[in-house]
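K.L.:
Structure, please.
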Amino acid sequence: MTLAAVAYLGGVLTIASPCVWPVLPFVFSRAGRPFASHGLPMLAGMALAFAGVASLAAIGGAWAVALNEYGRFAAIAWIALCGCALLWPPLADALGRPFVALGQRLSAGPQGDPARRSGLLSSALLGLATGLLWTPCAGPILGLILAGATLNGASATTSLLLLAYAAGACTSLAAALVLGGRLRPLVKRTALSGAAIRRVAGAGILVGVALIATGIDTRLLSRISFAAPAGLEQSLVERVRPGPPPASPVAQRVDLSAPRVLSEGDFPSLAGATEWIGSGPLTPESLRGKVVLVDFWTYSCINCLRTLPYVRAWAQKYRDAGLVVVGVHAPEFAFEKRPENVRRAVADLGIGFPVAVDSDHAVWRAFGNQYWPAFYFIDAQGRVRDHQFGEGGYQRAEQLIQQLLAEAGGVVPSGVVSPQGQGVEAAAAPTPALSEESYLGYERADGFASPGRLERDRARAYSGVASLARDHWTLDGQWTAERDRVVSAAAHGRIAYRFQARDLHLVLGPAADGRPVHFQVRVDGRPPLADHGFDTDAQGRGTIDRQRLYQLVRQRAGSAERSFEIEFIEPGAQAYVFTFG
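P.N.:
This is a model prediction of the structure:
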């Protein structure tokens, strides 16, 4: 079964989830009318609008979300006008005149049907507006499509998968619409007249608009479970999910005692880089004769940061022996796609080797990579000789570099490096962290313990709980949950987390306009004192001045289970993901 078919089936299943309920009044407003000229254009417009906006949001970042917000306002106004037209026939006549006139102009001749054309146009516009308002539940299938779009960049495949998902949803809505049309004659035989039915439909539309405009719909639906369709979606995803997830905290170690693979393929292209830092554009041809280490990383990834002391040391130690280190910065979050952020991170981290800015994940795809961090070892003949995923395994990785340099005829320094990383670059604790990476945005959130569910893309008040189980977290105060982050909508918003690890890190960003946000950290309800992290003082105070990973707790003795809380003094703080070490 292809992913497109699974996406379509996932869309069909949305009819069983509460997320589709707010748009049902708009769909049923076309019941009883010819399906080809009213229902079909409306549903097609809805599918196209959703697929288009979702494609832009998946690849375009925050600007596409902001653009869609303006589109939502226009859509709310248009649909409210349609509801009023059902209540007041003179308004419907006034609204219909431009469409009739346009239909007359578009008609091929006197045989054209302006009324039919006006119905097509008005239905299509209603569908486009409904598509801007429709935000389906981010179940496993939709999440898989959007995650693939984030990593694989803009492509027709992403848009087609989103369109298949929307088409599936519209198929089930079409069945409901046809059923509603067949029930309409039965209703008309009751005491309700045609005018009364229109008034009921108009009132239903206005109620739906009011619920969506005020956000009441999402607050109500957040309390309703839809585990059954989500379970069906998950079973479909498990059949088609391509390989492991894009993260690898533990290295797949190189074994030099095993027979070496002569080549894993030719050096893939680096042409997809959007910018180069520290050098001009490099190519496999220009690097022929050199041993090359390609390091895939991103600057908010703790595993990547902890490998940097070794990569910097290798670049310096073996430069004269013929080694070239090429960093490929492949972003995870939208803010890591901004070239100015990457340039600042490269400077702050003291990276002296060339860095390819791979904001579109083109080099990532050329290598077929799936991990941060990832090393690819390329010999002087331009052949990929080995790879290693995740942190650790540094001694064997360095021995492989020495082996490839020796094959190339260079004078190879002996011994291995032993750098001591500081702050967020310090090595992980000897005892592995029991807490795992935890995302806060609604697309991948897990362990959320505040009452109710995360409300999508709207500010609401959350409350904490008295006690938390390990790896569970809460919001307290006014917050807006977005796809990949939560944003404090008022001063003194708090996040609490129960963790067990030596180190606690949190990827944070300042207010949207760049204003710094001050924060206060507490561990077990008190200032961290000696257990403060690199980015806090003993009293737990710190400042968010840019979007990056912040080390907030480093326990000086052991890795006991602790309760963590961070309070943001000003509004606007952005929080993305907890990581541990």
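K.L.:
Name the nearest residue to residue 292, ignoring sequence neighbours.
P.N.:
Among residues not flanking residue 292 along the chain, residue 378 sits closest, at 4.1 Å (Cβ to Cβ, 6 or more residues apart in numbering). Placement of C-beta: from N, CA and C, glycine included.
K.L.:
can I assume the one you found is in contact with residue 295?
P.N.:
No: Residue 378 is beyond contact range of residue 295, at 11.6 Å (criterion: Cβ atoms under 8 Å).
K.L.:
Please say which of these two ends up with more neighbours.
P.N.:
Each of residue 378 and residue 295 has its neighbours counted (other Cβ atoms under 10 Å); residue 378 has more, 28 against 24.
K.L.:
In contact with the more buried one, which residues?
P.N.:
267, 287, 291-294, 384-385 (Cβ atoms under 8 Å, 6 or more residues apart in numbering).
K.L.:
so where is this protein shaky, pLDDT-wise?
P.N.:
Within the chain, the stretches with pLDDT under 70 are 1-4, 6-7, 9-39, 50-83, 85-159, 161-162, 172, 176-202, 204-264.
K.L.:
hmm, back to that, which strand residues bridge the residue nearest to residue 292?
P.N.:
Counting by DSSP bridges, residue 378 forms beta bridges with residue 292, residue 384.
K.L.:
related to what we said a few turns ago, may I ask which two of the contacts of residue 378 are separated the most?
P.N.:
Every pair in the contacts of residue 378 was compared (Cβ to Cβ); the two farthest apart turn out to be 287 and 385, at 14.0 Å.
K.L.:
Show me which of the two is the more surrounded one.
P.N.:
Between residue 287 and residue 385, counting by other Cβ under 10 Å, residue 385 is the more crowded of the two (21 against 18).
K.L.:
That one reaches residue 375, doesn't it?
P.N.:
No: assessed by Cβ under 8 Å, residue 385 is found out of contact with residue 375, at 11.2 Å.
K.L.:
Going along the chain, name the strands of the stretch 401-550 of the chain.
P.N.:
438-439, 459-462, 473-481, 486-488, 493-500, 503-509, 517-523, 541-544, 548-554 (DSSP state E, counting those that start in this stretch).
K.L.:
Pairing partners for the fifth one, with directions?
P.N.:
As defined by DSSP bridges, the strand partners of strand 493-500 come to strand 473-481 (antiparallel), strand 561-568 (antiparallel).
K.L.:
As JSON lines, those strands with mean neighbour count and distance to residue 501 would be great.
P.N.:
Shown next, in JSON lines, are those (neighbours: other Cβ atoms under 10 Å; distance: least, Cβ to Cβ, whole Å):
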{"stretch": "strand 473-481", "mean neighbour count": "21", "distance to residue 501": "14"}
{"stretch": "strand 561-568", "mean neighbour count": "19", "distance to residue 501": "9"}
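K.L.:
can I get those strands in a markdown table with distance to residue 322?
P.N.:
Listed next are those as a markdown table, based on distance: least, Cβ to Cβ, whole Å:
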| stretch | distance to residue 322 |
| --- | --- |
| strand 473-481 | 48 |
| strand 561-568 | 47 |
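K.L.:
Out of these, flag the one nearest residue 283.
P.N.:
Nearest to residue 283, of the strands paired with strand 493-500 and by Cβ to Cβ, is strand 473-481 at 43.1 Å.
K.L.:
re the thing from before, in JSON lines: the strands of the stretch 401-550 of the chain, plus distance to residue 333.
P.N.:
Compiled in JSON lines, the strands of the stretch 401-550 of the chain are given as follows (distance: least, Cβ to Cβ, whole Å):
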{"stretch": "strand 438-439", "distance to residue 333": "10"}
{"stretch": "strand 459-462", "distance to residue 333": "21"}
{"stretch": "strand 473-481", "distance to residue 333": "15"}
{"stretch": "strand 486-488", "distance to residue 333": "13"}
{"stretch": "strand 493-500", "distance to residue 333": "17"}
{"stretch": "strand 503-509", "distance to residue 333": "7"}
{"stretch": "strand 517-523", "distance to residue 333": "17"}
{"stretch": "strand 541-544", "distance to residue 333": "15"}
{"stretch": "strand 548-554", "distance to residue 333": "10"}
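K.L.:
neighbours of the closest residue to residue 431 other than its chain neighbours, just the number please.
P.N.:
Of all residues not flanking residue 431 in the chain, residue 559 sits nearest, at 5.7 Å (Cβ to Cβ, 6+ apart). For residue 559, the neighbour count with other Cβ under 10 Å is 20.
K.L.:
surely residue 559 meets residue 504?
P.N.:
No: the criterion here is Cβ under 8 Å, and residue 559 misses it with residue 504 at 10.2 Å.
K.L.:
Which residues are in contact with each of these two?
P.N.:
Counting by Cβ under 8 Å, 6+ apart, nothing touches both residue 559 and residue 504.
K.L.:
contacting residues for residue 440?
P.N.:
Here residue 440 is in contact with 473, 481, 485-486, 495, 575-578 (Cβ under 8 Å, 6+ apart).
K.L.:
That one and residue 508, how far apart?
P.N.:
10 Å (Cβ to Cβ, to the nearest Å).
K.L.:
Also residue 426?
P.N.:
19 Å.
K.L.:
Looking at those two now, which is surrounded by more residues?
P.N.:
Between residue 426 and residue 508, counted using other Cβ under 10 Å, residue 508 has the larger neighbour count: 26 against 18.
K.L.:
which residues do residue 440 and residue 508 both contact?
P.N.:
575-576.
K.L.:
In what element of secondary structure is residue 303 found?
P.N.:
Assigning secondary structure by DSSP states H and E places residue 303 in helix 302-317.
K.L.:
Just give me the neighbour total for residue 466.
P.N.:
4.
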